[in-house]
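Student: build me a model from this:
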Amino acid sequence: MQKNHYSQTETPVFSKFFGNLADGNEVLLFTLCNKNGAELSVINYGATITSLKIPISETKKVDVVLGFDTLEDYLYSFDLASAPYFGTTVGRFAGRINNAKFSLNETQIHLNKNHGNHNIHGGNSGFSRKFWKVISTSNTDNPSITFRYISENNEENFPGELAINVTYTLSDNNELIVEYSAISTEDTIVNCTQHSYFNLDGQADAVTNQTLFVNSKQILETTLANIPTGNFVNLNDHKFDFSIPKKAPDQIDNTFVLENNDEVKASLLSEKNKLKMSVFTNQPAVHIYVGGNCSNQIKGKENTNYHAQSGICFETQKYPDAPNHSHFPSAVLKKGETYHHKTTFKFENIEL
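Tutor: Numbering: from 1, shown residues only. Below you'll find the predicted structure:
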């Protein structure tokens, strides 16, 4: 990592007013700054990452995630034909649940159908649309902020009152570290993810110009509705085999199976900005999605019209529809146990 010489004019964590919700809750924009000049901004609506600025030279930073400039735009984005979930915390269950139902402890649970006949990303009003409380900040060399949300028993028909924390840390090694922890009053299912759309070239370019690597040998087989069948697809000679790095695809919406080790799970490389992002996680899968299209209805940051190749998501998580497949890694959180999910996005300036 090359050394940058930004003067630290702000404290490591500071906040400013971002807007009011209809219920009167005040939304604040919190910004974390590390000693290298990197900046992470998040809001307490949806525990949403709104920007992540990474230095690429001694005088220039690039904002590597998609987002909006106003709270009103974040709210309105959920009314789009395909809500983008820019930067949000997704839960209780990221991804699809077939026919919006599953069995737990021999009881059939019927969730809300918000994606055709299925449930996706927690239902009609998942964690992405909730007001989160800030419970702590840290102004150390690795500044961090922790948000908490209490999901009531039977919210969106999920059993158990779930207390969930998400902590964002901006390390002095230019790492964005995302950690979730949760406990429930009853047995339930939990599968959270961070839904940022990355573009290492900035807001107006396409991720198809960047190089993608995914450390995976299999993806989940799915139906035409993108529901897992329970089978796996070998990636040998497959168009989505990114074990040898190649240009990011113009269209992808697939779950990659990951090995349980400390190796890099995926990476993205910008030759333009000589910037590399590496993804590490303790989760068994990463769902990769290229998108961001707002149908010219909402302008993105820097007055950008986002399109179908504006960003790429690395949604580290359990397998979609895991509760309906006994051979998938379990997404059940037992009463008295703690859910823990950690994902790190590491940024490096490189010489090509």
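
Student: after the helix or strand harbouring residue 183, which helix or strand is next?
Tutor: Take DSSP states H and E as the rule and residue 183 turns out to sit in strand 175-184. Next along the chain after strand 175-184, taking DSSP H and E as the criterion, comes strand 188-189.

Student: what lines up beside the strand holding residue 183 in the sheet?
Tutor: strand 162-170 (antiparallel), strand 339-349 (antiparallel) (DSSP bridges).

Student: please identify the buried residues of the last one?
Tutor: Of the residues in strand 339-349, those buried under the neighbour-count criterion (16 or more other Cβ atoms under 10 Å) are 339, 341, 343-349. The way it works is simple: take the backbone N, C-alpha and C, and place the C-beta from them, glycine included.

Student: out of the residues you listed, the closest to residue 112 would be?
Tutor: Nearest to residue 112, judged by Cβ to Cβ, of the buried residues of strand 339-349 is residue 339 at 21.6 Å.

Student: residues contacting the closest residue to the closest one other than its chain neighbours?
Tutor: With Cβ to Cβ, 6 or more residues apart in numbering as the criterion, residue 339 has its nearest non-adjacent residue at 4.1 Å, and that residue is residue 182. Counting by Cβ atoms under 8 Å, 6 or more residues apart in numbering, residue 182 touches 162-165, 190, 192, 333, 338-339.

Student: which residues in the stretch 251-352 of the chain form strands?
Tutor: Using DSSP state E, counting those that start in this stretch, the strands found in the stretch 251-352 of the chain span residues 253-257, 266-270, 275-281, 285-291, 311-317, 332-333, 339-349.

Student: can you list contacts of the last one?
Tutor: Read that as strand 339-349. Outside strand 339-349, the residues touching it (Cβ under 8 Å, 6+ apart) are 1-2, 38, 54-56, 64, 164, 173-183, 190, 192-194, 198, 274-283, 314, 316-317, 333.

Student: and those, which are buried?
Tutor: Using 16+ other Cβ under 10 Å, the buried ones in the contacts of strand 339-349 are 38, 54-56, 64, 164, 174-183, 190, 192-194, 198, 274-281, 283, 314, 316-317, 333.

Student: now the chain, which segments are flagged as low pLDDT?
Tutor: By pLDDT under 70, the weakly predicted segments of the chain are 1-11.

Student: the most far-flung residue of it relative to its centre and residue 274, how far apart?
Tutor: What lies farthest from the middle of the chain is residue 106; by Cα atoms, centre = their mean that is 31.5 Å. In this view, residue 106 and residue 274 are 56 Å apart by Cβ to Cβ, to the nearest Å.

Student: cool, residue 310 as well?
Tutor: Residue 310 is 21 Å from residue 274, where distance means Cβ to Cβ.

Student: coming back round to it: starting at the chain centroid, how far to the strand holding residue 183?
Tutor: Using Cα atoms, centre = their mean, to the nearest Å, the mean C-alpha position of strand 175-184 is found 11 Å from that of the whole chain.

Student: what is the burial count for the residue found closest to residue 44 once you drop the neighbours it is linked to in the chain?
Tutor: In space, and not counting its chain neighbours, residue 44 is closest to residue 132: 4.8 Å by Cβ to Cβ, 6+ apart. Neighbourhood size, residue 132 [other Cβ atoms under 10 Å]: 24.

Student: tell me who's in contact with residue 132.
Tutor: Residues near residue 132 by Cβ under 8 Å, 6+ apart: 44-47, 89, 147-149, 166.

Student: who wins for neighbours among the residues you listed?
Tutor: The member of the contacts of residue 132 surrounded by the most neighbours (other Cβ under 10 Å) is residue 47, with 33 neighbours in all.

Student: I'd like the distance between the residue lying closest to that one once chain neighbours are set aside and residue 232.
Tutor: Nearest residue to residue 47 in three dimensions, chain neighbours excluded: residue 89, at 4.0 Å (Cβ to Cβ, 6+ apart). Between residue 89 and residue 232 the computed distance is 28 Å (Cβ to Cβ).

Student: also residue 334?
Tutor: In terms of Cβ to Cβ, residue 334 sits 27 Å off from residue 232.

Student: what's the answer for residue 348, then?
Tutor: Note on residue 348: its distance to residue 232, by Cβ to Cβ, is 32 Å.

Student: swap in residue 219?
Tutor: On the measure of Cβ to Cβ, residue 219 and residue 232 end up 7 Å apart.

Student: those two: who's more crowded?
Tutor: Higher neighbour count among residue 219 and residue 232: residue 219, with 23 against 15, using other Cβ under 10 Å.

Student: that's all I had, so thanks and see you.
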